[in-house]
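1. Would you be able to build a 3D model of this:
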Amino acid sequence: MAIVEVDHVSKEFSLGQLQGLKEGIRRVFGRLYGAAAPAQKPFKALDDVSFTVEQGEVLGIIGQNGAGKSTLLKLLARISGPTRGRIVVRGSVAPLIEVGAGLVPDLTGRENVYLNGMILGLRRAEIRRRFDEIVAFSELEEFIDTPVKRYSSGMQVRLGFSIATSVDAAILIVDEVLAVGDLAFQRKCFDRMEELINGQDKTVLLVSHNIRQVERLCSRAILLDHGRIVADGKPAEVCNLYFERSDQKIRADSRRFGRERHKRFRSSGDVEILKVVLLNEAGEPTDRIRHNDQITVAITYRSHIELRQANFWVGVHTTDFFYLATHSSEERMPRPDVASGVFTVQCRIRRTPLLPGVYSIRVGVQVGELRTPLLHAESVLQFRVEADSISRAQAIDLGFVSFDADWKIGDVEPPSIGQDLPTEDVGGRL
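-> Alright, predicted model coming up:
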């Protein structure tokens, strides 16, 4: 029997807007005298959603902002009820939703551990037994007798996560809590979740925008869009569809907003960008290339001054502005003097090692011995890399670029220098 059943569930919210005192009084008197208020169409956060979760299953729920993910988790955690449909949850639930929101600011960390532990169903003796472990995990030993209102937001979330994950519940409901605290604490949170999932056979419902976490932790995934389930199946397949839809939106936004989308654009005013085109090996404009293809980036500029000792560069970054590579013209040719007017610069990349995904191009112009910047523009053009042998979801674990490497396996004498690794078993199990 399924431990969680969601049967044709919908959740609606009334939409309205703030009104002034005069308008409020008018509406009150209108209702008193029988005047009908203007009907407003309710917003459907969830629309006829149905699925089941088996004991020990780890279900990832993904989707764009506003897809209904957090609303669904709050219904499962019984924080709110559905407008229509039926939800059955068999077993105790530990909701890790808005972790830290339940802490009382005027109480100390110690008092909040006891209070929140009892709210989550722990007996006082159990809290006392686990207290040192909870505090040690949160790394707040020094501040545990300090009022929580003096904690930073990160400290509060760390304490809340430590309390919530100490509860022996059959079902964990997790909403973006693996991104709390600094990088070291995020690693601890991730390890704690893996321990709960693999070591204790918990049933977990996980919402995260970190698709790598969903693929690694989950045995199944659901993709929500505008409150409806559009995919339910293996994490790799569902995550790949999520990326496909995200890529389409990125490219559509790029075409829609054009140059107005270039928020990261700096210029002295002496040089303008007129056009940026990506050309495939045949010299045809494209926004899709194959992994390891030859491409050419052609940028047409208008310069209002003579460019002395000009250096042009082209770079590639992810859609969240993580720089991947940059190449400048001075690496292959002397820095030329370019007369004022309209001209085109071409950068030919003989092999594009980028793995499948959506990327953006950035360009720039520098002049003079000191390489004075005249123009710096990011996200001037989006393009997509595809590969028959590598899916977008697989590329998450592989990184952004591929190596052009050879392998040899056999009786080869190891180098005399290098890093010696411990021989004992210090790692986890696959």
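2. Pull out the buried positions in the lengthiest strand in the chain.
-> Using DSSP state E, we find that the single longest strand of the chain is strand 372-386. Neighbour counts over strand 372-386 (16 or more other C-beta atoms under 10 Å) mark 374-385 as buried. The way it works is simple: take the backbone N, C-alpha and C, and place the C-beta from them, glycine included.
3. Residue 119: which of these is nearest?
-> For these, the residue nearest residue 119 by C-beta to C-beta is residue 379; the value is 46.0 Å.
4. Which residue, neighbours along the chain excluded, lies closest to the closest one?
-> Closest residue to residue 379 apart from its sequence neighbours, by C-beta to C-beta, 6 or more residues apart in numbering: residue 360 at 4.4 Å.
5. and the helix or strand containing the one you found, what does it pack onto?
-> Counting by DSSP states H and E, the element that carries residue 360 is strand 357-367. Here strand 357-367 touches helix 235-257, strand 271-279, strand 295-303, strand 311-318, strand 372-386, going by 3 or more C-beta pairs under 8 Å, 6 or more residues apart in numbering; DSSP states H and E.
6. Is it possible to get JSON lines of those that adds mean pLDDT and distance to residue 50?
-> As requested, the helices and strands packed on strand 357-367 are exported to JSON lines (pLDDT from 0 to 100; distance: least, C-beta to C-beta, whole Å):
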{"stretch": "helix 235-257", "mean pLDDT": "74", "distance to residue 50": "16"}
{"stretch": "strand 271-279", "mean pLDDT": "94", "distance to residue 50": "43"}
{"stretch": "strand 295-303", "mean pLDDT": "95", "distance to residue 50": "45"}
{"stretch": "strand 311-318", "mean pLDDT": "94", "distance to residue 50": "36"}
{"stretch": "strand 372-386", "mean pLDDT": "91", "distance to residue 50": "33"}
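7. mind listing the helices in the stretch 101-250 of the chain by residue range?
-> Here the stretch 101-250 of the chain has its helices, by DSSP state H, counting those that start in this stretch, at 109-119, 124-138, 153-164, 183-194, 200, 211-217, 235-257.
8. is it true that residue 387 touches residue 291?
-> Yes. Counting by C-beta atoms under 8 Å, residue 387 does reach residue 291; the two are 3.8 Å apart.
9. shared neighbours, these two?
-> Taking C-beta atoms under 8 Å, 6 or more residues apart in numbering as the contact rule, residue 387 and residue 291 both touch 355-356.
10. correct me, but residue 190 touches residue 213?
-> Yes. Residue 190 is within contact range of residue 213, at 7.2 Å (criterion: C-beta under 8 Å).
11. the more surrounded of the two?
-> Legend: neighbour count by other C-beta atoms under 10 Å for residue 190 and residue 213, higher for residue 213 (19 against 16).
12. Can I get stretch 110-129 in PDB, CA atoms only?
-> Presented in PDB, the C-alpha positions along stretch 110-129 are these (Å, rounded to 0.1, in the frame of the first residue of the first chain):
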ATOM      1  CA  ARG A 110      18.500  25.800  24.000                       C
ATOM      2  CA  GLU A 111      14.900  26.700  24.700                       C
ATOM      3  CA  ASN A 112      14.000  26.600  21.000                       C
ATOM      4  CA  VAL A 113      15.500  23.200  20.700                       C
ATOM      5  CA  TYR A 114      13.100  21.900  23.400                       C
ATOM      6  CA  LEU A 115      10.100  23.800  22.100                       C
ATOM      7  CA  ASN A 116      10.500  22.900  18.500                       C
ATOM      8  CA  GLY A 117      11.400  19.300  19.300                       C
ATOM      9  CA  MET A 118       8.200  18.900  21.200                       C
ATOM     10  CA  ILE A 119       6.200  20.600  18.500                       C
ATOM     11  CA  LEU A 120       7.600  18.000  16.000                       C
ATOM     12  CA  GLY A 121       6.600  15.200  18.300                       C
ATOM     13  CA  LEU A 122       9.700  14.400  20.400                       C
ATOM     14  CA  ARG A 123       9.400  13.700  24.100                       C
ATOM     15  CA  ARG A 124      11.400  15.800  26.500                       C
ATOM     16  CA  ALA A 125      13.600  12.800  27.400                       C
ATOM     17  CA  GLU A 126      14.300  12.200  23.700                       C
ATOM     18  CA  ILE A 127      15.300  15.900  23.200                       C
ATOM     19  CA  ARG A 128      17.500  15.700  26.200                       C
ATOM     20  CA  ARG A 129      19.200  12.600  24.900                       C
END
